[in-house]
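*Asks:* How does the following fold in three dimensions:
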Amino acid sequence: MLFTDDQIALRDVARRFARERLKPHYQKREAETGFDRALMKEIGSLGLIGVDLPEEYGGLGESGVTAGLITEEMAYGDFNVSYLQLLGSLMGAIVHRNANPELARHWNSRLVAGEAIIGLGLTEPRGGSDAANLQVRARRDGNHFILSGEKTSISFSDQCDVIVLFARTGKPEAGARGISAFLVPMDLPGIQRTRFNDVGSKIIGRGSVFFDDVRIPAENLMGQEGKGFTEVMQGFDFSRILIALQCIAAAQASIDETWDYMKERQAMGAPIVQYQGVSFPIVEYETLLSACRQLCYHGLALRDAGQPHTAESAMVKWMGPKTAFDAIHQCILTFGHYGWSKDLPHQQRLRDVMGLEIGDGTAQVMKLIVARERAGRVAVQYAAENRK
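*Replies:* From the prediction side, this is the model:
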């Protein structure tokens, strides 16, 4: 699709920063124990976090398409650093729409400035895809709620400053209708956090958060009690597209480096790019990545126009990470024994991208969503009835 002059100008700011400031140190950051807060503030000062958030928070009030452009450019330089923009857009919007206005101003202004991380507390040990079956409880006690239970697989688990927590306030049989959302500062008494030893995305970190009778004011309830689940599901349509663009960008970086390598590497008296058996696989992935990228921006354009885009977001969420993983794998093979080395960034991109074949919805769940959107509830009704 075509972009406006303003979108291109902002994209170019992100592109220069990502390629000059982020990309050269992508591998070095993996050895760090957490996210560099000084780097966060630097990114915030450039206006590259939550670009679609309102100006009252310091955001730019840009479109979803623009948020996608910035996310993609940042991920080209450092897949993990681009999480700041993704979470800024996703979590900032949820807070803006649902939180107490005073709390929203406090946290979103810090988020945009790169001074705070807002985490998402949805997944629990009993299941990730069955997100409506939550066990964490929030019981009212006068003008407060008391939180108890465990969240797991939380990005920035030991680093986020506040978390949008989804907890059950209604009866279990109420399903999604009994779930509420809360804005919970992470320095409250009774909160404990862990970090997992994951394969990739190490500076982000993932782990569990435990709530042991954590007391929060009732004003920290987001939106209406019992309706929190609907809000987060709407947000996922947006974040799934941004995730796909993250993965596409990481794969594109490896593809671009592979083209350069194939032009320089000699075999049997000629650059290996001349051999179709070497170049054609890279051509195929260049094509697939381009197609997936176009579908991403189509989905974002639908969102900006207020049109349904659930199917498009689910399509790119399964296709983007898978295609990116396969493309990076092919790049490693093209580099040969040199590719099978931690001296090059391909292996790290492979590991980082792989995590999003799992997180925020597996390929199987995404395909169920597409089937439901195209065929209606009959596409999933039989299986649901036979689980009862």
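
*Asks:* So residue 20, which state does it fall into?
*Replies:* Secondary structure, DSSP: H, G, I helix; E, B strand; the rest coil: residue 20 is helix.

*Asks:* quick one: contacts for it?
*Replies:* By Cβ atoms under 8 Å, 6 or more residues apart in numbering, the contact list for residue 20 is empty. Glycine gets a C-beta too; all of them are placed from N, C-alpha and C.

*Asks:* when you give positions from now on, start the count at 33
*Replies:* That works, and once the first residue is 33, the last one we named lands at residue 52.

*Asks:* ok, how many other residues are close to residue 266?
*Replies:* For residue 266, the neighbour count with other Cβ atoms under 10 Å is 12.

*Asks:* The stretch 183-332 of the chain: helices as residue ranges?
*Replies:* Remark: helices assigned in the stretch 183-332 of the chain by DSSP state H, counting those that start in this stretch are 260-296, 308-336.

*Asks:* ok, of those, where does mean pLDDT dip lowest?
*Replies:* Confidence, taken as mean pLDDT, is least for helix 260-296 of the helices of the stretch 183-332 of the chain (a mean of 92).

*Asks:* With distance to residue 68 as added columns, please give the helices of the stretch 183-332 of the chain in TSV.
*Replies:* Output for the helices of the stretch 183-332 of the chain, formatted as TSV (distance: least, Cβ to Cβ, whole Å):
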stretch	distance to residue 68
helix 260-296	19
helix 308-336	28
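
*Asks:* Need the winner for burial among those helices.
*Replies:* Greatest average neighbour count among the helices of the stretch 183-332 of the chain goes to helix 260-296 (a mean of 22), per mean count of other Cβ atoms under 10 Å.

*Asks:* Please name the residues that touch the residue nearest to the spatial centre of the chain.
*Replies:* Centroid-nearest residue in the chain: residue 275, 4.7 Å away (criterion: Cα atoms, centre = their mean). Applying Cβ under 8 Å, 6+ apart, we find residue 275 in contact with 118, 349, 352-353, 388, 391-392.

*Asks:* gap between the two ends of stretch 172-179?
*Replies:* When the termini of stretch 172-179 are compared using Cα to Cα, to the nearest Å, they are 9 Å apart.

*Asks:* Run the chain-centre distance for that stretch.
*Replies:* Distance of stretch 172-179 from the chain centroid (Cα atoms, centre = their mean, to the nearest Å) equals 31 Å.

*Asks:* Enumerate the positions of that stretch that are buried.
*Replies:* 176-179 (16 or more other Cβ atoms under 10 Å).

*Asks:* And the residue nearest to the centre of the chain, how far from residue 389?
*Replies:* To residue 389, residue 275 is 10 Å away according to Cβ to Cβ, to the nearest Å.

*Asks:* what touches both of these two?
*Replies:* Common contacts of residue 275 and residue 389 (Cβ under 8 Å, 6+ apart): residue 353.

*Asks:* what inclination does the helix or strand that contains residue 356 have with respect to helix 308-336?
*Replies:* Secondary structure from DSSP states H and E places residue 356 in helix 342-367. Between helix 342-367 and helix 308-336, the angle comes out at 160 degrees (axes from the mean of the first three to the mean of the last three Cα atoms, to 10 degrees).

*Asks:* chain center to the next helix or strand after helix 342-367, what's the gap?
*Replies:* For helix 342-367, the following helix or strand on the C-terminal side (DSSP H and E) is helix 378-386. Offset of helix 378-386 from its chain centre (Cα atoms, centre = their mean): 15 Å.

*Asks:* helices or strands up against whatever helix or strand comes next after helix 378-386?
*Replies:* Of the helices and strands lying after helix 378-386 in sequence (DSSP H and E), the nearest is helix 395-407. Judged by 3 or more Cβ pairs under 8 Å, 6 or more residues apart in numbering; DSSP states H and E, helix 395-407 is in contact with helix 342-367, helix 410-419.

*Asks:* just how off-centre is the first one within its chain?
*Replies:* Translated: helix 342-367. Distance, stretch centre to chain centre, for helix 342-367: 15 Å (Cα atoms, centre = their mean).

*Asks:* Packing partners of it?
*Replies:* When contacts are defined as 3+ Cβ pairs under 8 Å, 6+ apart, helix 342-367 sits against helix 260-296, helix 308-336, helix 378-386, helix 395-407.

*Asks:* dump the residue contacts of residue 106.
*Replies:* So residue 106 contacts 46, 49-50, 54, 75, 80, 113-114, 116-117, 281 (Cβ under 8 Å, 6+ apart).

*Asks:* could you dump these to TSV with distance to residue 329 and secondary structure?
*Replies:* Output for these, formatted as TSV (distance: Cβ to Cβ, whole Å; DSSP: H, G, I helix; E, B strand; the rest coil):
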residue	distance to residue 329	secondary structure
46	15	helix
49	21	helix
50	18	helix
54	22	helix
75	22	helix
80	18	coil
113	21	coil
114	16	coil
116	21	helix
117	16	helix
281	13	helix
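
*Asks:* got the residues you listed as CSV, with distance to residue 100 columns?
*Replies:* Compiled in CSV, these are given as follows (distance: Cβ to Cβ, whole Å):
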residue, distance to residue 100
46, 11
49, 17
50, 14
54, 18
75, 17
80, 13
113, 16
114, 11
116, 15
117, 10
281, 10
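
*Asks:* Which pair in those residues has the greatest spatial separation?
*Replies:* 75 and 281 (15.7 Å; Cβ to Cβ).

*Asks:* Which positions in stretch 143-159 come out as buried?
*Replies:* Within stretch 143-159, judged by 16+ other Cβ under 10 Å, the buried ones are 143-146, 148-156.

*Asks:* about what we covered before: give me the angle between the helix holding residue 356 and helix 378-386.
*Replies:* 160 degrees.
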